[in-house]
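Participant: Requesting a structural model of the entry that follows:
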Amino acid sequence: MTDTTSSLAAAVDYLTLTTKTPGASQILVHAIQGVLSNEQGLLLLGKDWRFMGFRGRAFEGVRYGLRGDEGILMLSGSWAGKYWRSLAKFGDRCTRIDLAVTLTLADRDDSVARDAYERALDAAVVSSALIVNSRSGRTCYLGSRSSRYFCRLYDKGAEQGADPGFIWRWELEVKKPAGDPVLAALLAADNPAEYIRDRVRQQFSLYGVLTPWLGLNTIGAMEISADVMTPERSLRWLSTQVKPTVSRLILAGFEVEVRDALSLPDTDPGIVSLRKDMEEWQSTISIE
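Facilitator: Presented below is the predicted three-dimensional model:
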């Protein structure tokens with residue numbers, strides 16, 4: 001992944017908002033109905049929709065409805081990417097939000113998902129899987145679907161029926177109770193796309209998987225578990241959290257500070273190897 005014509009895009013790909021009171025629920029429904037009316041009169045289209053006791057309407061990437069006093073709104077795809085910010089204020093809670101980073105390559109690379117899976121195996125990630133679909137597209141799953149955080153890396157082009165190996169997507173699925181703080185951080189971010197790239201990169205790095213881009217201004221704090229005590233867990237922690245963080249710091253221009261903090265010389269084999277490895281990963285990518 002070193003072609004200079006590759007491009008990188010980051011967006012919200014899925015959003016679920018819920019409300020608990022009659023007033024808030026009606027406001028949520030009216031808000032999405034107003035959006036649909038403005039979108040070439042789409043409010044009149046769609047179909048009846050039912051979900052876990054909710055009753056409402058569904059159209060393409062929009063689903064909304066009521067269940068007693070409660071309301072729900074689910075946005076996916078381009079609808080989530082376009083309206084997440086304007087509609088977020090109408091929800092009492094964010095029960096799910098998906099952050100996606102899409103890399104489009106000029107040259108085909110079929111190894112992206114497989115390499116990620118192998119890195120996860122090296123990091124001893126228990127919940128990981130590699131799937132090949134009927135179109136030869138590969139998907140790497142990291143983490144448990146029932147957990148707060150679940151990662152997917154898949155061949156988006158193959159999913160859409162195009163030739164595999166050209167369009168790759170990294171997705172982070174965040175579910176309650178983690179959805180609220182992630183949405184709040186996204187709303188507060190000066191550059192939402194930058195936050196998405198950095199948050200997705202950080203979560204994948206926890207599974208030992210490096211991404212071919214670097215967080216621009218924000219270097220996320222490492223998540224250090226209190227039970228890092230056995231040699232095996234300590235080594236895994238070093239590999240999946242410390243090494244990616246050191247790599248990001250070096251590439252961000254803090255190599256001297258890293259060497260000073262770790263008391264390492266400029267010629268240290270580990271530093272030299274990290275420098276070379278990250279230079280190979282980092283490409284000149286145009287960011288949208």
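
Participant: For the stretch 151-288 of the chain, which segments count as helices?
Facilitator: Along the stretch 151-288 of the chain, the segments classed as helices by DSSP state H, counting those that start in this stretch run 156-159, 179-188, 192-205, 231-237, 243-249, 255-262, 269-281.

Participant: ok, of these, where does mean pLDDT dip lowest?
Facilitator: For the helices of the stretch 151-288 of the chain, the weakest mean pLDDT is recorded on helix 231-237, namely a mean of 57.

Participant: give me the element Thr18 is part of.
Facilitator: Using DSSP states H and E, Thr18 falls within strand 7-19.

Participant: and that strand, which residues are buried?
Facilitator: For strand 7-19, the neighbour count (16 or more other Cβ atoms under 10 Å) marks Leu8, Ala9, Ala10, Ala11, Val12, Asp13, Tyr14, Leu15, Thr16, Leu17, Thr18, Thr19 as buried. For glycine as for every other residue, the C-beta is placed from the backbone atoms N, C-alpha and C.

Participant: what's the closest of these to Ala116?
Facilitator: Proximity of those to Ala116 (Cβ to Cβ) peaks at Leu8, which lies at 16.4 Å.

Participant: so the closest one touches Thr102, yeah?
Facilitator: Yes. The pair Leu8 / Thr102 is scored as a contact, 7.3 Å apart, by Cβ atoms under 8 Å.

Participant: Geometric centre of the chain: which residue is closest?
Facilitator: Note on the chain: the residue nearest the mean C-alpha position is Leu172, at 3.0 Å, using Cα atoms, centre = their mean.

Participant: Could you give the bridge partners of that one?
Facilitator: Beta-bridge pairing for Leu172 (DSSP bridges): Leu99, Cys151.

Participant: Report the contact partners of it.
Facilitator: Counting by Cβ atoms under 8 Å, 6 or more residues apart in numbering, Leu172 makes contact with Asp98, Leu99, Ala100, Tyr149, Phe150, Cys151, Arg199, Val200, Gln203, Phe204.

Participant: can you rerun that using 7 Å?
Facilitator: Counting by Cβ atoms under 7 Å, 6 or more residues apart in numbering, Leu172 makes contact with Asp98, Leu99, Tyr149, Cys151, Arg199, Val200, Gln203.

Participant: ok, it to Ala10 distance?
Facilitator: Separation of Leu172 from Ala10 (Cβ to Cβ, to the nearest Å): 11 Å.

Participant: Just the buried residues of the longest helix along the chain, please?
Facilitator: Ranked by number of residues, the top helix in the chain under DSSP state H is helix 22-38. By neighbour count on 16+ other Cβ under 10 Å, the buried set for helix 22-38 is Ala24, Ser25, Leu28, Val29, Ala31, Ile32, Val35, Leu36.

Participant: from what I can see the second one touches Gly65, true?
Facilitator: No. Contact criterion Cβ atoms under 7 Å: Ser25 and Gly65 do not qualify, at 9.5 Å.

Participant: quick revisit: show the secondary-structure elements that the strand holding Thr18 is packed against.
Facilitator: Here strand 7-19 touches helix 22-38, strand 70-76, helix 78-88, strand 93-104, helix 192-205, going by 3 or more Cβ pairs under 7 Å, 6 or more residues apart in numbering; DSSP states H and E.

Participant: Can you add distance to Gly53 and give the ones you listed back as a markdown table?
Facilitator: Below are these laid out as a markdown table (distance: least, Cβ to Cβ, whole Å):
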| stretch | distance to Gly53 |
| --- | --- |
| helix 22-38 | 13 |
| strand 70-76 | 9 |
| helix 78-88 | 22 |
| strand 93-104 | 15 |
| helix 192-205 | 32 |
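
Participant: between those, which gets nearest to Leu183?
Facilitator: strand 93-104 (4.2 Å).

Participant: Not counting that closest one itself, show me its contacts.
Facilitator: Residues from elsewhere that reach strand 93-104 (Cβ under 7 Å, 6+ apart): 6-18, 156, 166-176, 179-180, 182-183, 196-197, 199-200, 212.

Participant: what comes up buried for it?
Facilitator: Cys94, Thr95, Arg96, Ile97, Asp98, Leu99, Ala100, Val101, Thr102, Leu103, Thr104.

Participant: tell me which strands and helices the helix or strand immediately after it in the chain is in contact with?
Facilitator: Toward the C-terminus, strand 93-104 is succeeded by helix 112-122 as the next helix or strand (DSSP H and E). If you count contacts as 3+ Cβ pairs under 7 Å, 6+ apart, helix 112-122 packs onto strand 128-132, strand 138-142, strand 149-155.
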